[in-house]
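**Q** the amino acid sequence is not available; the structure is as follows:
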């Protein structure tokens, strides 16, 4: 099913008929999340909630990304169509579990969020024809409840250069 992949499976966006190509930046973040989850031994699945219509299975914990956006400013001038554009933005990483699952599961979610935050800190990875650089990793509060789920959130500030 598109948008729901266990750690050891294909990158997000992969289907039985091939790769569904989305926005290169979003795909790069999703693929990097797969790498860090595997590296940390986190077995919770990734749920792609970005306009997929999937209702997450709240009986177990899962991880999701949100792309609230950013800004883009022209960085170089004089070469129409070949100038650099400096993009800065935030991607929010969510570690979610069922509200009331207990202190052990809550602590596990906190631990997973902390581990992923550390892996993304100062990370660099390819996105399309460029490179994404993580410039900040900040916890967003001490967890909160959201629609019957306990949520640990980490803001990932990024920058990249686009050509156009």
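**A** Happy to help now that I have it. Here the structure is a predicted model, which means the values were calculated and not measured.

**Q** can you tell me the centre-most residue of the protein?
**A** For the chain, the residue nearest the mean C-alpha position is residue 65 (3.7 Å; C-alpha atoms, centre = their mean).

**Q** what's the host helix or strand of it packed up against?
**A** Here residue 65 sits within strand 62-74, counting by DSSP states H and E. When contacts are defined as 3 or more C-beta pairs under 8 Å, 6 or more residues apart in numbering; DSSP states H and E, strand 62-74 packs onto helix 24-40, strand 46-47, strand 84-98. Backbone N, C-alpha and C define where each C-beta goes, glycine included.

**Q** now that strand, how far from the centre of its chain.
**A** 9 Å (C-alpha atoms, centre = their mean, to the nearest Å).

**Q** please apply the same query to stretch 122-131.
**A** From the chain centre to the centre of stretch 122-131 is a distance of 14 Å (C-alpha atoms, centre = their mean).

**Q** now that stretch: buried residues?
**A** 123, 127, 130 (16 or more other C-beta atoms under 10 Å).

**Q** return the member of these nearest to residue 49.
**A** Nearest to residue 49 among the buried residues of stretch 122-131: residue 127, at 20.4 Å, using C-beta to C-beta.

**Q** in space, what's closest to the closest one - neighbours in sequence excluded?
**A** Counting by C-beta to C-beta, 6 or more residues apart in numbering, residue 127 lies nearest to residue 28, which is 3.5 Å off, once chain neighbours are set aside.
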